[in-house]
Structures are given as structure tokens and as C-alpha cells.
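Colleague: Give me a model of this one.
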Amino acid sequence: MNQDYYPIYVDTFAGEISSGICYASFDISKRLLELQGFEIGSLRQNAEIRINNGKESDVFSRGNITNECFVYVPDNNRFSRSGKFFSRVSLFLDVAEQVKKAHLNLEDFYLSDEQVERVLEDAVPVKDMRFNVKKLNSYAVTAGMFRGLCRDYGDFLIDCNITHIPMFTANVTDKAYARPCFFGAISNKDFPSQINGCLKTLDMSPGIRGFKKWFKFEDWFALENLIDWWQIINIYYF
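Modeller: Numbers count the residues shown, from 1 in each chain. You can find the predicted model right below:
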């Protein structure tokens, strides 16, 4: 089956923002989302739509890849820092097809020296841990992830009877590599709202979520939007 037949599930409309999720491989999902005007979102954007849409929404029970990444850097004196890091640099958006090919071959996506230094510019050291949802703003990593939304997201999780959220990381090896950031479903009873930097599955997809401002009804009939819809029809059916 051609992966271009994978649909985008638009499952949230909160304020002026709509959000949709696609379950094709990372590169195909990115292409389909962008064709419909979506941009792959951050952890903060994902947390915000969870708050705005509430416990009864589809987004409550769906996890997905975000636009950030986890980076694992060896201590070999080649780089400015070594260890495990969370980075807000959207590295995978620029190399979507290469990452998919690496994961398809059960390999990691190894980084050039230039890529390592690029992602380390906006990176926070990480380790496996559990975050108290009442104190999300007191951890450097969650403060950077949720950027001003720590208290609101923490209160929302408390309302969902969640006291801690886990973060999982992979191991540092002799080569620098990156893995995507997965933001788990709140409804997962074992690991609610997990932040996972271990996944190596972008050849498939645990879900890629995009965000965009949504149109008023009359805007769907504007010429430029009709052209976009014709392009989408061509991808799915021709």
C-alpha cells in the first residue's frame, strides 16, 4: 500500500488553532501535513492543546512525535559538551528522509560534527527521571520544554489524577546520534504523558502531529485553498 494514502486525522479545534495527526512514516507525514498547511509542533504546543481540549478529547489518548529531539554525544574531546541532551532544535525536519532510511535499517541517525554543535546550542542535559507535576517549573529541562506553561500543564495533570510524568533516555555510545522526542498519551496508565527519547521508529510512525490556524467556513472556498485541496487529492488518489 502506498504510504501517500495515509490520512490526517484533524482531532482538535481550540481557539484559532486546529491540530491533526498522521501515522505514515516521518517523511511522508511531514510532507502531507505541510501540504495542508500544518507545522509539526513542539512539546509546549502539544501540552497547550491537551489543556484546551480537556480529558474527553481524542488528543488526551494520543501520543505523538514533537519537533524537538534527544541527542547522545560521546566524551571524546571533539565536542563542546558530552552526555545526554534534550534539544529544541528541529533537527529531524531538515533530514526527514535520511532519518527514515536509517531507522528502516535498524540504525541510529548519526550526526556530523556540525550537526552536533548545532543541536547543542539549545540543549539541556537529561537523564531518566520522574517529574513531580507540581514542580515542573523547578526542573531546567521541563521549564525549557513547556516554556511558561509548566503550572497550567501541571494543574491539568493533577486534575487527571496524575502526580508524576516519566522521561526515558537512550544510552551514549561511541558515536553521536539523535532520536526523536515522543510525547506520550495522558491516558497511558503505566507512563502517563511520558517524554521519551528512546524511540527509533520514524520508518513507521507513533504519530506525527501538526498545528495551524484554522479557516472560517467561507475561507475554504478561497482560490488558494481550492488549489491546495486539488494538490491533496492528487497525492491520495492519483
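Colleague: hey, where'd the helices end up in this structure?
Modeller: Applying DSSP state H to the chain gives helices spanning 26-35, 43-53, 91-94, 96-104, 113-120, 140-146, 150-159, 223-237.
Colleague: where does residue 63 land on pLDDT?
Modeller: On pLDDT, residue 63 comes in at 95.
Colleague: ok, now the one 10 residues further on?
Modeller: The pLDDT attached to residue 73 in the predicted structure is 97.
Colleague: so how far is residue 121 from it?
Modeller: 13 Å (Cβ to Cβ, to the nearest Å). For the C-beta atoms, the positions are set from N, CA and C on the backbone; glycine is no exception.
Colleague: In JSON lines: the helices of the chain, plus mean pLDDT and mean neighbour count.
Modeller: Output for the helices of the chain, formatted as JSON lines (pLDDT from 0 to 100; neighbours: other Cβ atoms under 10 Å):
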{"stretch": "helix 26-35", "mean pLDDT": "92", "mean neighbour count": "21"}
{"stretch": "helix 43-53", "mean pLDDT": "94", "mean neighbour count": "21"}
{"stretch": "helix 91-94", "mean pLDDT": "91", "mean neighbour count": "18"}
{"stretch": "helix 96-104", "mean pLDDT": "92", "mean neighbour count": "18"}
{"stretch": "helix 113-120", "mean pLDDT": "95", "mean neighbour count": "17"}
{"stretch": "helix 140-146", "mean pLDDT": "95", "mean neighbour count": "20"}
{"stretch": "helix 150-159", "mean pLDDT": "97", "mean neighbour count": "18"}
{"stretch": "helix 223-237", "mean pLDDT": "48", "mean neighbour count": "11"}
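Colleague: which stretch among those helices comes nearest residue 187?
Modeller: Proximity to residue 187, assessed across the helices of the chain by Cβ to Cβ, is greatest for helix 43-53 (10.7 Å).
Colleague: quick one, that closest one and helix 150-159 angle?
Modeller: 50 degrees (axes from the mean of the first three to the mean of the last three Cα atoms, to 10 degrees).
Colleague: Summarise which helices and strands helix 43-53 is packed against.
Modeller: The contact analysis (3 or more Cβ pairs under 8 Å, 6 or more residues apart in numbering; DSSP states H and E) places helix 43-53 against strand 8-14, strand 64-73, helix 140-146, helix 150-159, strand 177-183, strand 208-213.
Colleague: between the helices of the chain, which one is nearest to residue 176?
Modeller: helix 113-120 (4.8 Å).
Colleague: circling back to that earlier point, will you turn the helices of the chain into JSON lines that also has distance to residue 129?
Modeller: Below are the helices of the chain laid out as JSON lines (distance: least, Cβ to Cβ, whole Å):
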{"stretch": "helix 26-35", "distance to residue 129": "27"}
{"stretch": "helix 43-53", "distance to residue 129": "16"}
{"stretch": "helix 91-94", "distance to residue 129": "23"}
{"stretch": "helix 96-104", "distance to residue 129": "26"}
{"stretch": "helix 113-120", "distance to residue 129": "21"}
{"stretch": "helix 140-146", "distance to residue 129": "9"}
{"stretch": "helix 150-159", "distance to residue 129": "16"}
{"stretch": "helix 223-237", "distance to residue 129": "42"}
